[in-house]
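Peer 1: the sequence isn't on hand, but the structure is:
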């Protein structure tokens, strides 16, 4: 499925933003829906850590530019999580 992707940093950035973004939205919904998950902020880190799986896959497929884009997106998500924790 991913083997036909063009080796581009912007594609990696898109993957690195969209996939954890969808997971964060789902987790955010459950954190506000169920009381026992209200303080489970580590679930958000788990959603961001999914990027490590994608990064490992693309580096093994010799698509280094996509991997670099995913790393960049991971830093953006980490900054947003840090900002969220500081303002809590």
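Peer 2: Okay, I see it. The structure displayed is predicted, hence computed values, not measured ones. Numbers count the residues shown, from 1 in each chain.
Peer 1: going forward, measure contacts and count neighbours with C-alpha atoms only.
Peer 2: OK.
Peer 1: and the longest helix belonging to the chain, what's buried?
Peer 2: For the chain, the helix that runs over the most residues, judged by DSSP state H, is helix 9-33. Of the residues in helix 9-33, 9-13, 15-17, 20-21, 23-24, 27-28, 31 count as buried by neighbour count, 16 or more other C-alpha atoms under 10 Å.
Peer 1: same question, stretch 39-50
Peer 2: 43, 44, 47, 48.
Peer 1: which one of the residues you listed is nearest residue 82?
Peer 2: Taking C-alpha to C-alpha as the measure, residue 82 lies nearest residue 44 of the buried residues of stretch 39-50, at 11.1 Å.
Peer 1: local confidence estimate at that closest one?
Peer 2: Per-residue pLDDT puts residue 44 at 90.
Peer 1: likewise the one 10 residues further on?
Peer 2: Among the per-residue scores, residue 54 holds a pLDDT of 93.
Peer 1: next, count neighbours for it.
Peer 2: By other C-alpha atoms under 10 Å, 19 other residues sit near residue 54.
Peer 1: check which helix or strand covers it.
Peer 2: Element membership of residue 54, judged by DSSP states H and E, is helix 42-60.
Peer 1: neighbouring contacts of that helix?
Peer 2: With contacts defined as C-alpha atoms under 8 Å, 6 or more residues apart in numbering, helix 42-60 is touched by 16, 19-20, 23-24, 27-28, 64, 66-68, 70-71, 74, 77-78, 81.
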